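Novice: need a structure here:
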Amino acid sequence: MRHSITRKITAIMISIVAGTVLLCWFINTTLLESYYIEHKQRALLDTFDMVYKESENGRTDEDEFQIKLDTKSSNSDISYMIIRSDHTIIQSNVGDDERLLFQFLELIFHRNDGNTQVLKNTQEYVVEKTKDRRLNTDYLVLWGSLQNGNMILMRTAVESIKESVDIANRFLAYVGVLMVILCAVIIYVVTKRITNPILQLADISKRMTSLDFDAKFQGKGQNEINLLGDHMNQLSETLERTISELKSANNELKMDIEKKTEIDEMRKEFISNVSHELKTPIALIQGYAEGLQECINDDAASREFYCEVIMDEADKMNILVKNLLTLNQLESGSEQIVFERFDLFEVIQGVVNATAILREQNGISLTVDTEEPEYVWADEFKTEQVLTNYVSNAIHYATGEKRIEISVISGENNVRVEVFNTGNQIPEDELSHIWDKFYKVDKARTREYGGNGIGLSIVKAIMDSFHQRCGVVNEEDGVRFWFELDNRVDDGKK
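Specialist: Modelled structure (predicted):
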């Protein structure tokens, strides 16, 4: 491919290596000689500065200075001599000092012979590059005046093999380190430009395995990685769309199945419960009707008893059907709820009066903890129905002291009505089921007073239509049922 990564990497690496080699060759060719001469010149100047300062302090004749000068000259391969103005040699490190003195004087007084190049010229000294015609060797020569009036003459060979190798190696080490750092930076930057898209693709693929399709490849080139990134973006979009469609379809299917199962279970449960509740009264009605038809007992008292049983069982079926219709209307939302503001105490008093005869028959006492008006917002008829169900249950299940208490507790935004009766507690594992249709905690006791397990279901449906709460708690000596109503004066329902 035209934009192949392999070609790019190959071209980049070849360019870096070739450029490094060429650069090193160019630097060695153009700068090494100048660096070498500069180094030798620096050695001459350092030695001259040392002698110049010592002559200013008058210590050039001391043994310590002579040792120090000889050491420095030896280390830098410098030949020197210090002479007076009359050309008398004071100090030298050369064996044939007379011949060296002659060469210096010749250099000083014959500077324009074409073999001499002045490198530096100041008031104190002159540095020149010259060639020894006899030995055909280049030298750097420094001659200058000291503070005490003496002259110093120094020279060093430019072509000392050992020194040249050392200098060249040191110079190449400097250049080599610089080039390694430079190449490392270039290779790092280039490699990052190549590997970053690959790492980006790796991260995208990892997120796709977790069904996260939000990440998209951002490359804009035309090489293999960018082509792969474009294809991964397309794959991500296709997978996201397909999985979304599958999830939607699966969710709809699951909801349909659950709804169908729930409806089927509700239908079976309803048929079973209604059949169970109607089976006994129908059987009784049928049996006593057949008895009347066959004239089993011809006396008037027996016929009246048979008719009373038939009427009583028919009345129970009528109540059951009415309760079922009421519950169905409440659960379906077709029952109209009329919110109005009324005195809750009047409703409580009405229920107390309506159940007085039944309480007297069962020997049950009832107390109400307040006689103060308490105005609430709700449907008055349905509130009375809730309270009647609570009180009826309390009457039927009251045992022991046979005591019923009705309490009204006012709050900031609502009022709670509680109906307590002494007797047996409801098992904890059955508390959450007592609001279910046809559920009976004590089936024998329920049958005894003609209950069908729908009363508390109607209570729950009414309170749900009010958007209020209801509940039940066990206490040490009985059971307490409660419900709440809105008592806010500025409620929107008014």
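Novice: Can you list the buried residues in stretch 48-65?
Specialist: By 16 or more other CB atoms under 10 Å, the buried positions in stretch 48-65 come out as Phe48, Val51, Tyr52, Glu54, Ser55, Thr60, Phe65. No exception for glycine: its C-beta is placed from N, CA and C like everyone else's.
Novice: quick one: the fourth one is in a helix?
Specialist: Yes - residue assignment for Glu54, taken from DSSP: H, G, I helix; E, B strand; the rest coil, places it within a helix.
Novice: quick one: contacts for it?
Specialist: Glu54 is in contact with Thr60, Phe65, counting by CB atoms under 8 Å, 6 or more residues apart in numbering.
Novice: what's the distance between it and Leu69?
Specialist: Distance, Glu54 to Leu69, by CB to CB, to the nearest Å: 8 Å.
Novice: Same question for the second one.
Specialist: According to CB to CB, Val51 stands 7 Å off from Leu69.
Novice: Ok, the first one next?
Specialist: Taken as CB to CB, the spacing of Phe48 relative to Leu69 amounts to 11 Å.
Novice: which of the buried residues of stretch 48-65 lies closest to His433?
Specialist: Phe48 (112.9 Å; CB to CB).
Novice: Let's verify the closest one: helix, strand, or coil?
Specialist: Applying three-state DSSP: Phe48 is helix.
Novice: That one against Arg155, yeah?
Specialist: No - Phe48 is beyond contact range of Arg155, at 11.9 Å (criterion: CB atoms under 8 Å).
Novice: What segments of the protein are strands?
Specialist: Taking DSSP state E to define them, one finds strands in the chain at 78-83, 89-92, 116-121, 125-132, 137-145, 151-157, 340-343, 365-368, 375-378, 403-410, 414-422, 470-475, 478-486.
Novice: and Ile204, how many neighbours?
Specialist: By the criterion of other CB atoms under 10 Å, Ile204 has 20 neighbours.
Novice: Identify the residues contacting it.
Specialist: With CB under 8 Å, 6+ apart, Ile204 has these contacts: Ala215, Lys216, Phe217, Gly229, Met232, Ser236.
Novice: same thing with Glu372?
Specialist: Taking CB under 8 Å, 6+ apart as the test, what Glu372 contacts is Phe345.
Novice: where does Leu330 land on pLDDT?
Specialist: Note on Leu330: pLDDT of 65.
Novice: need the contact list for Val352.
Specialist: Taking CB under 8 Å, 6+ apart as the criterion, Val352 is in contact with Leu366, Val368, Val391, Ile406.
Novice: What's opposite the nearest residue to the second one once chain neighbours are set aside in the beta bridge?
Specialist: Yep, that's Val368 we're talking about. Nearest residue to Val368, sequence neighbours excluded (CB to CB, 6 or more residues apart in numbering): Ile406, at 4.7 Å. Beta-bridge partners recorded for Ile406 (DSSP bridges): Val368, Val419.
Novice: Show the contacting residues for Ile406.
Specialist: Per CB under 8 Å, 6+ apart, neighbours of Ile406: Ile348, Val352, Leu366, Thr367, Val368, Asp369, Val391, Val417, Glu418, Val419, Phe420.
Novice: try 10 Å
Specialist: Residues near Ile406 by CB atoms under 10 Å, 6 or more residues apart in numbering: 348-349, 351-352, 366-370, 387, 390-391, 394, 417-420.
Novice: Settle this for me: Val473 is touching Arg416, isn't it.
Specialist: No - between Val473 and Arg416 there is no contact under CB atoms under 10 Å: 11.9 Å.
Novice: the more surrounded of the two?
Specialist: Neighbours were counted for Val473 and for Arg416 using other CB under 10 Å; Arg416 has more, 18 against 13.
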